[in-house]
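Engineer: Next come a sequence and a model predicted from it.
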Amino acid sequence: NDGGTLTANGSTIVLSKTSGVLFSMGASATFNAGTSTVMMNSDAAVTLVSGNVSFNDLTLSPTLTASQTYTFGTGTIAVNGDLDIDPDGGGSARTLTINLGDPLTIAGNFSLGGHNSGTTLLDTTSSNYALTFPAVTINSGSTLTTRSSNVIITGTSGTLIDNTGTWTAKTGGTTTLSGNGDATLSSAALTFSGLTLSGTGTKTLGAVTTAIGTVAFNNGSLDIGSGMTHSFGSFTSSAATARVLTLNDSTINLTANGAAWTITSTNFTLNAGTSTIRYVNTTNNANTFTGGGLTYNNVWFDRGASTSNITIAGSNTFADFRDTGAAAHALLFTAGTTNTFSTFTVSGTPGNLITINSTTTATHNLVKSGGGTIYCDYLDIQHSAASPANTWYAGFSSINNQAVATAGSGWIFSGPFNALLIGGD
């Protein structure tokens with residue numbers, strides 16, 4: 001009650017009331033948690049807490065005769081030790097659902113599970129209450145539903161989300177990895193609303209990762225793992241802090257409109273490996289690749305029947321650059337930039353020309369590295385300066401608009417062989 005004080009020291013406090021509020025804090029009351037454990041074991045739909053409470057360890061471990069719902073009430077609730085949710089199903093499939101009623105912060109171990117056919121569902125609810133923890137274990141059959149909540153993961157080592165159960169998210173919130181240290185994000189495939197990396201150390205994607213929104217890489221090192229195909233709405237890294245991105249042999253599919261890949265190269269290191277970055281949005285909305293002047297392996301635009309522009313910003317280097325678009329559209333390069341390619345696979349089809357142009361009436365530069373030739377067809381080319389000489393073939397079916405405004409150069413509007421030699425002995 002108001003004005004009262006409860007000092008728990010190292011005690012275990014068991015609460016099993018079957019109605020109302022189990023732990024109610026008056027506005028001027030004090031709870032000194034010490035090293036205590038509070039166990040809440042009600043086999044009923046109850047409110048766990050009302051008021052502002054800081055627990056040490058909190059255990060939710062009822063023996064269920066039916067599925068039940070616990071609700072954290074309103075107030076600032078912190079668990080400074082461990083939060084262990086482990087219902088006993090009594091031999092039947094029964095679920096303990098726990099709904100947040102305000103933001104919840106956990107400082108120690110956080111586990112969602114159950115035994116004897118019991119499982120846990122923790123829900124941040126449609127109010128999208130924030131959830132903060134160092135790491136979580138989601139055991140088989142149990143679920144953490146984050147909806148559009150902001151989730152902050154503070155862990156500094158190990159696996160941050162050890163998941164053999166289910167993690168669900170919706171568009172709108174962000175999961176932030178704020179811990180300073182080397183850690184693996186997850187043990188199983190996960191979908192996030194958005195993902196932000198703000199802590200130092202190396203974070204590794206231990207499994208296939210989907211971000212519906214943006215992956216914002218703001219600090220430390222990110223290793224996306226090997227042999228995986230991830231799906232991000234967009235990827236951005238524009239902070240001034242030191243960042244290292246290692247792509248290995250994995251693939252990133254970018255699904256968003258607009259600026260789907262944006263890198264600021266200051267204090268940024270890219271280890272491209274044999275990776276592939278693919279734009280896969282097929283809507284009629286423009287896409288931009290801002291590469292930060294870095295060296296990439298494969299960058300592919302697989303946008304299907306999209307008719308919208310693709311813009312390449314900055315002077316970048318590509319091992320393999322492709323635009324496989326099936327509809328007429330424009331591939332634009334920032335005026336005054338120089339992009340370098342080992343291979344350049346860009347061709348339209350009859351009636352569906354791909355326009356290669358600058359973003360203004362000034363020219364851009366395309367450079368072939370490593371010898372050999374580039375052969376394209378069904379292009380409409382303007383303001384494009386291609387080099388070295390005798391390397392860039394636009395094909396017989398392309399349109400030469402190079403003389404319009406600032407003239408381009410270097411493209412040869414034929415195939416690499418203009419004559420057919422027929423001979424005999």
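Structural biologist: Arrived safely, thanks for sending.

Engineer: What pLDDT is listed against the residue nearest to F333 when sequence neighbours are not counted?
Structural biologist: Residue nearest to F333 in three dimensions, not counting chain neighbours: H364, with 3.8 Å by C-beta to C-beta, 6 or more residues apart in numbering. (Each C-beta comes from the backbone N, C-alpha and C, glycine too.) Looking at H364, its pLDDT stands at 98.

Engineer: Can you name the residues that contact H364?
Structural biologist: 333-339, 358, 383-385 (C-beta atoms under 8 Å, 6 or more residues apart in numbering).

Engineer: Switch these over to CSV; also include neighbour count, distance to T349 and secondary structure.
Structural biologist: Shown next, in CSV, are the contacts of H364 (neighbours: other C-beta atoms under 10 Å; distance: C-beta to C-beta, whole Å; DSSP: H, G, I helix; E, B strand; the rest coil):
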residue, neighbour count, distance to T349, secondary structure
F333, 25, 22, strand
T334, 18, 26, coil
A335, 16, 27, coil
G336, 13, 31, coil
T337, 19, 27, coil
T338, 16, 28, strand
N339, 20, 24, strand
S358, 22, 24, strand
H383, 24, 23, coil
S384, 24, 20, strand
A385, 19, 26, strand
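
Engineer: can I get those in a markdown table with pLDDT and distance to Y279?
Structural biologist: Output for the contacts of H364, formatted as a markdown table (pLDDT from 0 to 100; distance: C-beta to C-beta, whole Å):
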| residue | pLDDT | distance to Y279 |
| --- | --- | --- |
| F333 | 98 | 15 |
| T334 | 98 | 17 |
| A335 | 97 | 22 |
| G336 | 97 | 23 |
| T337 | 98 | 19 |
| T338 | 98 | 22 |
| N339 | 98 | 16 |
| S358 | 98 | 20 |
| H383 | 97 | 23 |
| S384 | 98 | 21 |
| A385 | 98 | 25 |
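
Engineer: which residues of this structure score low on pLDDT?
Structural biologist: Applying pLDDT under 70 to the chain flags the ranges 1-2, 417-425.

Engineer: Point out the other helices and strands that the host helix or strand of T355 packs with.
Structural biologist: Following DSSP states H and E, one finds T355 within strand 354-358. In terms of contacts (3 or more C-beta pairs under 8 Å, 6 or more residues apart in numbering; DSSP states H and E), strand 354-358 is packed against strand 329-333, strand 379-381, strand 384-387.

Engineer: what's the angle between that strand and strand 329-333?
Structural biologist: If you take axes from the mean of the first three to the mean of the last three C-alpha atoms, to 10 degrees, strand 354-358 sits at 30 degrees to strand 329-333.

Engineer: who's in contact with strand 354-358?
Structural biologist: 323, 325, 328-335, 346-348, 364, 378-384.

Engineer: Can you read off the backbone torsions of N400?
Structural biologist: phi -90, psi 100 (degrees, to the nearest 10).

Engineer: measure it to G81 for me?
Structural biologist: The gap separating N400 from G81 is 73 Å, by C-beta to C-beta, to the nearest Å.

Engineer: Who has more neighbours out of these two?
Structural biologist: G81 (20 against 15; other C-beta atoms under 10 Å).

Engineer: hang on, that one packs against D57?
Structural biologist: Yes: with contact defined as C-beta atoms under 8 Å, G81 and D57 form a contacting pair (4.0 Å).

Engineer: Now list whatever residues contact both of the two.
Structural biologist: Residues touching both G81 and D57 (C-beta under 8 Å, 6+ apart) are 37, 108.

Engineer: For this protein, which segments count as helices?
Structural biologist: With DSSP state H, there are no helices along the chain.

Engineer: Now do the contacts for H329.
Structural biologist: 303, 306-310, 354-355.

Engineer: Selecting buried members of the residues you listed in ChimeraX, what would you type?
Structural biologist: One line in ChimeraX is enough to select the buried members of the contacts of H329, burial here meaning 16 or more other C-beta atoms under 10 Å:
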select :303,306,308,309,310,354,355
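
Engineer: Look up which residues are beta-bridged to S387.
Structural biologist: V367 (DSSP bridges).

Engineer: contacting residues for it?
Structural biologist: Neighbour list for S387: 365-368, 410 [criterion: C-beta under 8 Å, 6+ apart].

Engineer: quick one: the spatially closest residue to T171 that is not a sequence neighbour and R322, what's the gap?
Structural biologist: Nearest residue to T171, sequence neighbours excluded (C-beta to C-beta, 6+ apart): I212, at 5.0 Å. From I212 across to R322, the span is 26 Å (C-beta to C-beta).

Engineer: same deal with S398?
Structural biologist: S398 sits at a distance of 17 Å from R322 (criterion: C-beta to C-beta).

Engineer: Repeat that for R147.
Structural biologist: As for R147, its distance to R322 is 37 Å (criterion: C-beta to C-beta).

Engineer: Make a markdown table from the contacts of H329 and add distance to L160 to it.
Structural biologist: Shown next, in a markdown table, are these (distance: C-beta to C-beta, whole Å):
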| residue | distance to L160 |
| --- | --- |
| R303 | 34 |
| S306 | 36 |
| T307 | 42 |
| S308 | 37 |
| N309 | 39 |
| I310 | 35 |
| I354 | 43 |
| T355 | 46 |
